[in-house]
Each structure stands twice: as C-alpha cells, then as structure tokens.
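Chemist: Following is a predicted model, sequence given first.
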Amino acid sequence: MVKSTGIKKRTAIFISGNGSNMKNLIKFSKIKSSPIMVDLVISSNKKSNAIQYLKKNKINFKVFNFKQKNKDERKISDILKKRNTQLICLAGFMKILSGSFIKKFNGKILNIHPSLLPKYKGLNTHERAIINREKFSGCTVHFVNSKLDSGKIIIQKKVRINKKDDPKSLSKKILKQEHLLYPKALKKILSKT
Ligand code: GRF
C-alpha cells in the first residue's frame, strides 16, 4: 500500500502513446494540494508526441523500447530505486510489465484502463463494448498486480454508450473522464482527508 506522509510522492509515469493522461497528471502535480510530484517519465515509444512536451517542460524522461524486456526492466528499476520513486502511474503504457518488476514495486503501481473492469480487460475495449451492445462503458484506475488489468480497483467512472457511438467517439468521451478520474484516484489513496 502507498503510505501518505503529507509530502508529495515522487512519481514516475510510464507511457507509450499520445500521453494525454501523462500531460494531465503533470498539470495536476503542479497544484499545491496535489499528492504527487512527477519526477520522471518512461516512454516505450521514442516517437510519442509526448516527448516534445517533456523536452519543452524540462521534465526528465527516458525511452526504453522493451525489445529486450528483462534488460530494460532491470535498467528502469535501477533508475527508479536511485531516484527513490515512490509511485508509478501507468498511463497509456502498452507494454506488459513482468511479475518480478511488479513485485519490486508491489502496491505502488497504478494503471488507468478504458473500461469498467473486470469487463473488457486488454485491448480494443471500445470496439468490444459496442459490439456487445453495452449501455455503459467507462474507465477504471486500479493497482497493478501480475495479472493483466486485474489488480484492486481504486475508482471507476461510468460513461453512457449512445446508439450513434463508434469506437472513436466512445474513446474520446471516455478519455475525457480518464483525465478527471486519475487525479481523483491519486487523491483517494494518497490524501489524508
Ligand atoms: C487511454 O485510453 C488509456 O486508458 C489507454 O490508452 C489510452 C492512452 O491515452 N490505456 P493517452 O496516451 O493518455 O492519451
């Protein structure tokens, strides 16, 4: 479990894609009452749009392509230990971390997933929810354990699926809610009040 000391938690964010959740968490971390400070970003994708943003905002980042997963995970975990990282936020991170990496940071890794877990673990959540004619989907912030998208749920937000929704429109609606939900989840587990 993540213990709250009242001091901002040194946080690393892991990304692979656009990094909109990352940008949102960075903005959130700058608020005085935020329980996190973003110390480092790890990207599995050197072409991520987010890299420009990180350079511009002078935020430490490192790129690992995970082609040699064990080696990269060892390097990352050394970096995180050295930097005294207290929390890892996966935000659109498309690589599956090994059990041994997760064990090293047990209870300190969070993920955001674009479905109402335990429904629709894994990829293509929006397509599957629409094909199954679900009335609702949503997003979930959860702790990460060694089973994909199966760790303890911290918080969820329901989003209605309209008849006209396609995966793109649904993903847009849910992403908007993700940006509200991740900070809420962090406050829930880290703030005293
Ligand atoms: C989000 O929907 C996240 O839940 C999913 O991938 C998307 C990433 O978006 N895992 P972004 O990179 O944060 O913009």
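Modeler: Structure's in. What do you need? Numbers count the residues shown, from 1 in each chain.
Chemist: separation between Ile59 and Lys108?
Modeler: Look at Ile59 and Lys108: by C-beta to C-beta, to the nearest Å, they are 20 Å apart. Yep, even glycine has a C-beta here, placed from its N, CA and C like the rest.
Chemist: now do Lys176
Modeler: Here Lys176 is placed at a distance of 27 Å from Lys108 (C-beta to C-beta).
Chemist: Of these two, which one has the most company?
Modeler: Neighbour totals were compared for Lys176 and Lys108, and Lys108 leads with 20 against 14 (other C-beta atoms under 10 Å).
Chemist: Now do the contacts for Ile79.
Modeler: Residues near Ile79 by C-beta atoms under 8 Å, 6 or more residues apart in numbering: Leu40, Lys62.
Chemist: and the strand or helix carrying Lys184, what other elements does it pack with?
Modeler: Per DSSP states H and E: Lys184 is located in helix 167-190. Applying 3 or more C-beta pairs under 8 Å, 6 or more residues apart in numbering; DSSP states H and E, one finds that helix 167-190 contacts helix 20-29, strand 87-90, strand 109-113, helix 125-131, strand 136-143, strand 153-160.
Chemist: Repeat the analysis, applying 6 Å as the threshold.
Modeler: In terms of contacts (3 or more C-beta pairs under 6 Å, 6 or more residues apart in numbering; DSSP states H and E), helix 167-190 is packed against helix 20-29, helix 125-131, strand 136-143, strand 153-160.
Chemist: now Ile31: how far from Pro183?
Modeler: Distance of Ile31 to Pro183, computed by C-beta to C-beta: 9 Å.
Chemist: which residues touch the residue in the chain positioned nearest to the ligand?
Modeler: Using C-beta to the nearest ligand atom, Gly92 is the residue of the chain that sits closest to the ligand, at 2.7 Å. Applying C-beta atoms under 6 Å, 6 or more residues apart in numbering to Gly92 gives the contacts Ile15, Ser16, Gly17, Asn21.
Chemist: Right, I'll call it a day here.
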